[in-house]
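Participant: Sequence below, structure please.
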Amino acid sequence: MKTKIVILDFDGTIGDSQDLIVRTMRETLRQCHLPDKTTEECARTIGLPLKACFKMLQPMSDEMADLCANSYRVIFDHNNVRGAVAAFPGVKETIKALHDDGLMVTIASSRGHHSLAAFVEELHLEPFISLVLGADDVEKAKPDAEPVLKTLRRFGLQPAEALVVGDTEFDILMGRNAGTMTCGVTYGNGNREELQAARADYIIDHFEEIRQCVRR
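Facilitator: This is a model prediction of the structure:
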């Protein structure tokens, strides 16, 4: 089937947010009197909902995970000054080109909706993005299929008409669980080996290569 919609992850795919996220996670751990973690350990959790991120870093109760998630949000709002997250090279031009090619372009992220919408506005992507879905817009976040299936239902499209693009195994698994084609990007928070293990249909090194993965 011809591709009609491209569903994009945000962190590590559109926005270069690793430094902001990792710095906020480490500040959260210190505030909650938990052991510090390395940049690499924190980066490996990016893409999951906040509670799951902290539980992946180390075993903890639901109550502690809630405390971490709530603390993270407060610290993030303080750290997230304008300009803290830049778009990766080629992102703006390629999203516009996909839109001009007649494709719908949407975002499905584990970040909260308000934060996503603010970044889309700051990066001047609003004219080209048809829908933004954050973790608080779904019952089950990635790697569950719900964000993709909810997007497809919104526009009356089938999984075979969609391409899901992301930088981690969680994005690829979300797309595969929904029955779509998937594309992994190597420049974000994951790596080629993880994307291959998740069985991404395409793996690209530069955002603009997405246009080569769209079925005409």
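Participant: what's the spacing between the most far-flung residue of the chain relative to its centre and E193?
Facilitator: Centroid-distance maximum for the chain: H33 at 28.0 Å, with C-alpha atoms, centre = their mean. Going from H33 to E193 by C-beta to C-beta, to the nearest Å gives 35 Å. All C-beta spots, glycine's among them, are computed from the backbone N, C-alpha and C.
Participant: likewise D144?
Facilitator: For D144, the distance to E193 equals 23 Å [C-beta to C-beta].
Participant: can you check A97 too?
Facilitator: Following C-beta to C-beta, the distance that separates A97 from E193 is 30 Å.
Participant: The two: which has the busier surroundings?
Facilitator: Taking neighbours as other C-beta atoms under 10 Å, A97 and E193 compare with A97 leading, 16 against 10.
Participant: Tell me where this structure has strands.
Facilitator: Assigned by DSSP state E, the chain shows strands spanning 5-8, 15-16, 86-87, 104-108, 131-133, 162-166, 181-185, 202-204.
Participant: okay, these in a markdown table with mean pLDDT next?
Facilitator: Formatted as a markdown table, those follow (pLDDT from 0 to 100):
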| stretch | mean pLDDT |
| --- | --- |
| strand 5-8 | 98 |
| strand 15-16 | 96 |
| strand 86-87 | 94 |
| strand 104-108 | 98 |
| strand 131-133 | 98 |
| strand 162-166 | 98 |
| strand 181-185 | 98 |
| strand 202-204 | 98 |
